[in-house]
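Asker: show me the folded form of this:
(one chain, ligands or ions: 2)
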Amino acid sequence: MLETFDYENIQLIPRRCVVNSRREINTAVKLGKRTFKLPVVPANMQTVIDEPLAFWLAKHDYFYVMHRFAPERRLSFVRKIQAAGLYASISVGVKPDEVAFVKSLVAAKLTPEYITIDIAHGHADSVIEMIKIIKQSLPESFVIAGNVGTPDGVRDLEAAGADATKVGIGPGRACITKLKTGFGTGGWQLSALAWCQSVATKPIIADGGIRTHGDIAKSIRFGATMVMVGSLLAGYEQSPGEVVTHHDQKYKVYFGSASESQKQVHQHIEGKKVLLPLKGDLYQELRDLQEDLQSAISYAGGRDLQALKEVDYVTVPNTIYNGDHD
Ligand SMILES: NC(=O)C1=CN([C@@H]2O[C@H](COP(=O)(O)OP(=O)(O)OC[C@H]3O[C@@H](n4cnc5c(N)ncnc54)[C@H](OP(=O)(O)O)[C@@H]3O)[C@@H](O)[C@H]2O)C=CC1
Ligand SMILES: Nc1nc2c(ncn2[C@@H]2O[C@H](COP(=O)(O)O)[C@@H](O)[C@H]2O)c(=O)[nH]1
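Answerer: Numbering: from 1, shown residues only. Ligands and ions are numbered 1, 2, ... in the order given. Here you go, the predicted structure:
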């Protein structure tokens, strides 16, 4: 039996500090040909990222993945962002229209620097086929494929040509896959990440279940190169999504990509809508994330992300909150 644990069951063990200030610590990460400021990427969901935010993130050296839920805008998005001297990072699905879209990029002589193939059950023949199509048509694009939750999934997608795999089936805040199907990595996402990492030969993006800044450091300890974050980076002033007022409190809507709010039809619903109390400035939150990660690296006794990969840890039987939830 696999040993299972999740973010709240793990604490990392400090080591002797080697810096005089956390400002000396570098949180940069390389993915493909580019280096980004943080190993954190906002989820490719309609209530997390939109075009203005994608431009801002690219301009400020963060990684982003634009969502695929306005399919008709993708080609012009790639053209516009590359014309601005920035990199293009888009999402695709696997249906026949999506193959046609890849061909239209080729016809328009546009090569996005990053393409994420993003479907619910990514360990699938359809994804393997799509990886091969993209690799043949746009060999210079860095292909991220997912989502998977097993070593077999990672192996198969890497073997098909994926440059990185995305791990996480059902740990998301707006996810109901675990409730509706009984399947997934919800509740043991961190150990699923470690399990997948044990066979990976290319970067892994941990996706879903991040609830605190410390979860980023833990993801890196257990094998993530990059961490995809939805709800924690939603609900900000700059976040897309409707603002609603309820009992004098303002909220922003966060919904799953397989929710009825997204699909506009009641078919294979595996996501829900959540109201998040309106938060402050997203750019400040990204700076806070960076500071907390610098602190984490200092506790790991290092100067960069590598130090986190080597720290010891303990498993805390119940949760790290120890009954303290306020
Ligand atoms: N990370 C996660 O845990 C999950 C994420 N999501 C997100 O929701 C969005 C929509 O996902 P998805 O519905 O896959 O996208 P699509 O609606 O684009 O479906 C992609 C294709 O995969 C097929 N498909 C979907 N699920 C399965 C399955 N379980 N078994 C076999 N075929 C399947 C669909 O056919 P058909 O619909 O006819 O079966 C369709 O042909 C994505 O952004 C995804 O990331 C959704 C659920 C879980
Ligand atoms: N099962 C579902 N998972 C979904 C859906 N929409 C998005 N997602 C996944 O969640 C993460 C974000 O998780 P969070 O815990 O950081 O909020 C996202 O990147 C997707 O992988 C959905 O409708 N159903």
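Asker: mind listing what's buried in the lengthiest helix in the chain?
Answerer: Taking DSSP state H as the criterion, the chain has its longest helix at helix 282-299. Judged by neighbour count using 16 or more other C-beta atoms under 10 Å, the buried positions of helix 282-299 are 282-283, 285-286, 289-290, 292-294, 296-299. Just so you know, the C-beta spots here come from the backbone N, C-alpha and C atoms, and that holds for glycine as well.
Asker: cool, and stretch 167-186?
Answerer: Under the neighbour-count criterion of 16+ other C-beta under 10 Å, stretch 167-186 has 167-178, 184-186 buried.
Asker: tell me the secondary structure at the residue positioned nearest the centre of the chain.
Answerer: A centroid search over the chain (C-alpha atoms, centre = their mean) returns residue 228, at 1.6 Å, as the residue closest to the centre. Classification of residue 228 by DSSP: H, G, I helix; E, B strand; the rest coil places it in strand.
Asker: on that earlier part again, who are the packing partners of the longest helix of the chain?
Answerer: helix 214-221, helix 306-309 (3 or more C-beta pairs under 8 Å, 6 or more residues apart in numbering; DSSP states H and E).
Asker: contact partners for residue 124?
Answerer: Going by C-beta atoms under 8 Å, 6 or more residues apart in numbering, residue 124 touches residue 94.
Asker: for it, grab phi and psi.
Answerer: Main-chain dihedrals, residue 124, degrees, to the nearest 10: phi -150, psi 150.
Asker: equivalent analysis for residue 207, please.
Answerer: Main-chain dihedrals, residue 207, degrees, to the nearest 10: phi -130, psi 110.
Asker: where does it land on pLDDT?
Answerer: The score at residue 207 is 98. That number is its pLDDT.
Asker: leaving aside the residues next to it on the chain, what's closest to residue 162?
Answerer: residue 145 (4.0 Å; C-beta to C-beta, 6 or more residues apart in numbering).
Asker: again, but for residue 149
Answerer: Nearest non-adjacent residue to residue 149, counting by C-beta to C-beta, 6+ apart: residue 169, 4.0 Å away.
Asker: for stretch 300-308, C-alpha coordinates in CSV please.
Answerer: Extracted as CSV, the C-alpha positions of stretch 300-308 are listed here (Å, rounded to 0.1, in the frame of the first residue of the first chain):
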residue,chain,number,x,y,z
ALA,A,300,15.9,25.0,4.3
GLY,A,301,19.4,26.3,4.7
GLY,A,302,19.9,27.4,1.1
ARG,A,303,19.9,30.2,-1.4
ASP,A,304,17.6,28.9,-4.1
LEU,A,305,14.8,26.4,-4.8
GLN,A,306,17.2,23.4,-4.9
ALA,A,307,17.6,23.6,-1.1
LEU,A,308,13.9,22.8,-0.6
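Asker: pLDDT below threshold where in the stretch 1-150 of the chain?
Answerer: Along the stretch 1-150 of the chain, segments meeting pLDDT under 70 span 1.
Asker: tell me which residue in it sits closest to ligand 2.
Answerer: Of all residues in the stretch 1-150 of the chain, the one sitting closest to ligand 2 is residue 43 (3.4 Å; C-beta to the nearest ligand atom).
Asker: dihedrals phi and psi, that residue?
Answerer: Residue torsions, per degrees, to the nearest 10, at residue 43 are phi -60, psi 150.
Asker: try residue 163
Answerer: phi -90, psi -20.
Asker: from residue 264, how far out is it?
Answerer: From residue 163 across to residue 264, the span is 33 Å (C-beta to C-beta, to the nearest Å).
Asker: now residue 154
Answerer: For residue 154, the distance to residue 264 equals 33 Å [C-beta to C-beta].
Asker: have a look at the two and say which one is more surrounded.
Answerer: More crowded of residue 154 and residue 264, by other C-beta atoms under 10 Å: residue 154, with 28 against 8.
Asker: test my guess that the more buried one contacts residue 194.
Answerer: No: counting by C-beta atoms under 8 Å, residue 154 does not reach residue 194; the two are 12.0 Å apart.
Asker: spatially, which two of the buried residues of stretch 167-186 are the most separated?
Answerer: Checked with C-beta to C-beta, the buried residues of stretch 167-186 reach their widest spread between 167 and 176, with 19.3 Å between them.
Asker: host element of the residue nearest to residue 149?
Answerer: Here residue 169 sits in a region with no helix or strand, counting by DSSP states H and E.
Asker: per-residue confidence for it?
Answerer: Per-residue pLDDT puts residue 169 at 98.
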